[in-house]
Structures are given as structure tokens and as C-alpha cells.
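1. here is my input; please provide its structure:
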Amino acid sequence: MSSQIQPSHPGAGAAPAHGPGGGPPCGLHITSYARGGRVTVVVGGEIDLDTAPQLHHALTNSLRRSPGGVDVDLGRVPFCDCTGLNALLHARRYALAHGKTLVVRNAGTAVTRLLTVTRTLGPLTSDAGSPAAVVRQRRLEAAVSSP
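-> I've put the predicted structure just below:
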């Protein structure tokens with residue numbers, strides 16, 4: 001069962017009319033499916049300032065409908081900037097606050113590099129159900145949000 005994640009209101013998460021330099025639109029393709037007690041969210045396209053809100057919306061909606069949490073497949077994402085990372089971290093925080101997990105199960109080279117450089121590879125790619133992982137995540141979030 002695969003379904004396209006739809007924005008909650010018209011225009012939310014919509015791709016810009018034109019891509020960089022007036023080229024074709026750059027959008028994010030997001031599908032999801034339930035398996036067991038989890039939802040897998042498959043993302044394709046670049047995650048940046050324009051598309052990160054769409055990713056955040058899809059992840060939080062998937063977390064709401066999943067009893068156990070969300071697995072994120074970023075294998076088709078060639079680029080992710082800090083706004084995309086922020087969307088992942090906010091969704092992970094939401095998951096932990098609701099007794100669930102959010103785990104990146106597949107990431108390409110560019111995304112893996114971003115997660116490595118920002119020291120978020122471990123927290124975002126491990127099942128974070130343990131109390132120690134929750135403490136690590138809270139410390140990470142405090143470090144990211146402090147000036």
C-alpha cells in the first residue's frame with residue numbers, strides 16, 4: 001500500500017513554479033506505506049529551504065498514524081541542506097515525545113556526509129528507544145539550539 005502524502009492546505013509544500021535559473025520545477029516526491037507497526041516514508045528529490053516544510057509535514061503526519069514510528073528512506077535524495085536536517089531532527093523530537101522512533105534507514109553519499117559532519121548520523125540512524133539515546137538526543141538538540 002503506497003500513498004502520496006498530500007499537503008494539509010492548498011500550496012503547502014508545493015514545488016516552486018520554476019527551479020533554479022528558471023528551469024523545471026524542483027519538487028520533492030514523498031510516498032509512504034505501513035508495515036507492521038511502522039510507516040516507511042520514501043523521499044526523492046532535493047531537500048532544501050523550499051521543500052523541507054513538505055518533508056516535515058509528511059514525517060509528522062506519518063508519525064501520527066504509526067503506532068511504533070517511522071523509517072525514512074533517503075536513498076533517492078541527492079542533496080539535503082540544514083533545513084532538511086532540521087526537519088528530520090524536529091520530527092525525531094516529535095517521535096520521542098510520543099514514545100516512538102524516527103530512523104533514517106537509507107541515505108545516499110551527500111546525506112550521509114551531512115549527518116556525519118553534523119554528528120547526527122548516530123542519533124538519526126539508530127533505534128532510539130533506550131533512555132540513554134533519549135538523553136543523547138536531548139543534549140544534541142540543546143547544542144544545536146544554543147547560540
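2. Gly27 belongs to a helix?
-> No. If the criterion is DSSP: H, G, I helix; E, B strand; the rest coil, then Gly27 is coil and not within a helix.
3. what does whichever strand or helix holds Ser62 rub up against?
-> Secondary structure assigned from DSSP states H and E places Ser62 in helix 52-65. The contact list for helix 52-65 (C-beta atoms under 8 Å, 6 or more residues apart in numbering) reads 5, 7-8, 12-14, 28, 30, 32, 34, 39, 41, 43, 47, 69-70, 72, 81, 83-84, 86-88, 90-91, 94-95, 98, 100, 102. Where C-beta positions appear, they are placed from N, C-alpha and C, glycine not excepted.
4. hmm, try it at 7 Å
-> 5, 7-8, 12-13, 28, 30, 32, 39, 41, 43, 47, 69-70, 83-84, 86-87, 90-91, 94-95, 98, 100, 102 (C-beta atoms under 7 Å, 6 or more residues apart in numbering).
5. list phi and psi for the residue nearest to Gly36 when sequence neighbours are not counted.
-> Nearest residue to Gly36, sequence neighbours excluded (C-beta to C-beta, 6 or more residues apart in numbering): Gly68, at 7.2 Å. The phi/psi pair for Gly68 (degrees, to the nearest 10) reads phi -110, psi -30.
6. I figured Gly68 hits Gly99, correct?
-> No. The pair Gly68 / Gly99 is not scored as a contact, 9.2 Å apart, by C-beta atoms under 7 Å.
7. show the contacting residues for the residue nearest to Thr118 when sequence neighbours are not counted.
-> Leaving aside its sequence neighbours, Thr118 sits nearest to Leu85 (C-beta to C-beta, 6+ apart; 6.2 Å). Contact partners of Leu85, counting by C-beta under 7 Å, 6+ apart, are Leu114, Thr118, Thr120.
8. quick check: the nearest residue to Gly45 once chain neighbours are set aside vs Thr60, distance?
-> Closest residue in space to Gly45, ignoring its immediate chain neighbours: Leu28 at 4.3 Å, by C-beta to C-beta, 6+ apart. Noted for Leu28: a distance of 15 Å to Thr60, by C-beta to C-beta, to the nearest Å.
9. can you check Leu85 too?
-> Distance from Leu85 to Thr60, by C-beta to C-beta: 16 Å.
10. for Ala97, same thing?
-> Taken as C-beta to C-beta, the span from Ala97 to Thr60 is 11 Å.
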